[in-house]
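> mind looking at a prediction? Sequence and model below.
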Amino acid sequence: MKIVMVGTGYVGLVSGTCFADIGHDVVCIDIDEEKIEKLTKGVIPIFEPGLDALVKNNVEAGRLTFSTSLKENMPGADAIFIAVGTPSAADGKADLQYVYAVAEEIAANLKDYTLIVDKSTVPVGTGKEVEAIIKKKYKGGFDVVSCPEFLREGSAIKDFSRSDRVVIGVRTEKAAKIMLDIFAPIKCEKVVTTVESSELIKYASNAFLATKISFINEIAHICEKSGADVEEVAHGVGLDKRIGPKFLKAGIGWGGSCFPKDVKALDQIAGSHGYDFKLLKSVIEVNQHQRQHFVDKIKKHFIDIKGKNFGVLGLAFKGNTDDIRESAAIDIIQRLVKEGAKVDCFDYEATANAKEILKDTVTYYEDPYKCVADNDAVLLVTEWPQFLELDWRQIKESLNEPVLFDGRNLLSPEKMREIGFTYYSVGQNHEEK
Ligand SMILES: NC(=O)c1ccc[n+]([C@@H]2O[C@H](COP(=O)([O-])OP(=O)(O)OC[C@H]3O[C@@H](n4cnc5c(N)ncnc54)[C@H](O)[C@@H]3O)[C@@H](O)[C@H]2O)c1
């Protein structure tokens, strides 16, 4: 089938490439000329494990191309996927200007029956709006479908081929059939719903996952006050199959390109329908507090952090990505800098992106050991698996003071204390009254 993917960001590039890999003929479109030029030359603009090889294979096989023109690539398309950004507007609502701009462009150039598939995360009712925009200019047949994306940055390619489910929101049997054909090679449950249910499934999923993390972070506070260990508690709780072990990791809280904006947007969606989603408001508040709580722990240890030097390991919002959008690591660094601390930073992939935000308020390193050396403490704020493999004895020897704040509960407290660190993590250090 011929698929046009509009928006070649994390979602569009990964899913477009994966569609090509299962045999479809795909063209990825973006208005960012520099991005398309890079991709045409074989340069991948984002870091996503395995993506460069997959793009290369599918370009060479003639199934994947890149272009800046939607209009030129619409003729003959079976489906046009919209995968543009839906960032938060100032009031927390999803900003739909990019989705609507693509809908307008499709409306102006549509000639035959085509499936318009919304892959961007959009509030309930957006499908209807897109239909209305197209109907105004195009009188022929078309279907608008909702097909939210559930990939996780860092494991996006695996997530595509081994999805838990594919959600397809449709109004007609014809649209459902085409979508089921497109996804036929993917072996997982295909959930066919109304457009509205599908739109809400995406927000409800992200909000639930964010709630799970905020919940365990609340438990972590009780642990710190009572002497329980949140890692032990989470393990014991997660073994209950009704709950499950995932997203029960205490730490400095969730961030990234999706959870913060989607949780806020769902709260706004609820409000716009006259419902006050109290639980979600608390989930957001707990998450914000979690970051300050980490900074407060550092302040409690040092009393005054003005002029203190910290080596910070991690900038990305999570491991295995270069994405720093709403990164808790960046937020914590900004809070420390504001209080007069000096910060040295290191990340495996996210430094270039972080420089755009942090500018010259911190010093950047290309080597984790050089980053932390001669500092007053090391702060681990992104769960890169490589941090587990560092020589922590060498790090301890290179510090002014052997103090380690592990904001991701990544390391073993026993091992770190045996090495000689004063080791702080989340929900594991009993605060003496
Ligand atoms: N990143 C994720 O992990 C993830 C996961 C699931 C769902 N989503 C959702 O998918 C959507 C896309 O997210 P993303 O992270 O890929 O965003 P992104 O910002 O990485 O990419 C969006 C791309 O769309 C392009 N674009 C904007 N307007 C355009 C237009 N008129 N024509 C062509 N291209 C245009 C931009 O230039 C950009 O390259 C969002 O709604 C997001 O919430 C993201």
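Noted; the coordinates are in hand. Numbering: from 1, shown residues only.

> CA only for contacts and neighbour counts going forward, please
OK.

> got the residues of the chain near the ligand?
Contact residues (CA under 6 Å from any ligand atom) of the chain with the ligand: 6-12, 29-32, 83-86, 98, 101-102, 120-121, 149-153, 257-258.

> does residue 287 really touch residue 250, like I thought?
No: contact status for residue 287 versus residue 250: not in contact, 10.8 Å apart, counting by CA atoms under 8 Å.

> which of those two has more neighbours?
Between residue 287 and residue 250, counting by other CA atoms under 10 Å, residue 250 is the more crowded of the two (28 against 25).

> filter the residues of the chain next to the ligand down to just the ones in helices.
When these are checked against helices (DSSP state H), the matches are 10-12, 98, 101-102.

> got CSV for those residues, with neighbour count and pLDDT too?
Converted to CSV, those look like this (neighbours: other CA atoms under 10 Å; pLDDT from 0 to 100):
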residue, neighbour count, pLDDT
10, 22, 94
11, 23, 96
12, 25, 98
98, 17, 98
101, 14, 98
102, 19, 98
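
> now, which of the residues you listed sits nearest residue 77?
Distance to residue 77 across those (CA to CA) is lowest for residue 102, with 15.2 Å.

> and stretch 103-123, which residues are buried?
Neighbour-count burial for stretch 103-123 flags 103-104, 106-107, 109-112, 114-123 (criterion: 16 or more other CA atoms under 10 Å).

> what is the end-to-end distance of that stretch?
For stretch 103-123, the first-to-last residue distance is 15 Å (CA to CA, to the nearest Å).

> can you name every helix or strand that the longest helix seen in the chain contacts?
Counting by DSSP H, the longest helix found in the chain is helix 195-226. When contacts are defined as 3 or more CA pairs under 8 Å, 6 or more residues apart in numbering; DSSP states H and E, helix 195-226 sits against strand 143-146, strand 165-169, helix 230-238, helix 259-272, helix 278-302.

> low-confidence stretches in the protein?
Counting by pLDDT under 70, the chain has low-confidence residues at 431-433.

> ranges for the strands of it?
For the chain, the strands defined by DSSP state E cover 2-6, 25-29, 64-67, 79-82, 115-118, 143-146, 165-169, 189-193, 309-313, 342-346, 363-365, 377-380, 403-406, 422-424.

> and residue 101, how far is that from residue 67?
For residue 101 relative to residue 67 (CA to CA), the value is 17 Å.

> re the thing from before, among the helices and strands packed on helix 195-226, which is the most enclosed?
Comparing those by mean neighbour count (mean count of other CA atoms under 10 Å), strand 143-146 ranks first with a mean of 26.

> I would like the residues contacting that one, please.
Residues from elsewhere that reach strand 143-146 (CA atoms under 8 Å, 6 or more residues apart in numbering): 113-119, 127, 130-131, 167-172, 175, 195, 198-199.

> change it to 10 Å
With contacts defined as CA atoms under 10 Å, 6 or more residues apart in numbering, strand 143-146 is touched by 79-82, 113-122, 126-131, 134, 167-172, 174-176, 179, 192-199.

> just how off-centre is that strand within its chain?
24 Å (CA atoms, centre = their mean, to the nearest Å).

> stretch 376-389 too?
How far stretch 376-389 lies from its chain's middle: 19 Å, per CA atoms, centre = their mean.

> equivalent analysis for stretch 110-117, please.
Counting by CA atoms, centre = their mean, stretch 110-117 comes out at 30 Å from the chain centroid.

> tabulate the CA atom coordinates of it in CSV.
Listed next in CSV are the C-alpha coordinates belonging to stretch 110-117 (Å, rounded to 0.1, in the frame of the first residue of the first chain):
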residue,chain,number,x,y,z
LEU,A,110,-7.5,15.6,-2.3
LYS,A,111,-8.7,14.1,-5.5
ASP,A,112,-9.8,10.5,-4.7
TYR,A,113,-11.0,8.4,-1.8
THR,A,114,-8.2,8.4,0.8
LEU,A,115,-7.9,7.4,4.4
ILE,A,116,-6.8,10.3,6.6
VAL,A,117,-5.2,8.8,9.7
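
> these two touch, right, residue 38 and residue 45?
Yes: using CA atoms under 10 Å, residue 38 is in contact with residue 45, at 7.1 Å.

> the more surrounded of those two?
The neighbour count for residue 38 versus residue 45, taken as other CA under 10 Å, is higher for residue 45 (16 against 13).

> who's in contact with the more buried one?
Residue 45 sits next to 8-10, 13, 34-36, 38-39, 52 when contact means CA under 10 Å, 6+ apart.
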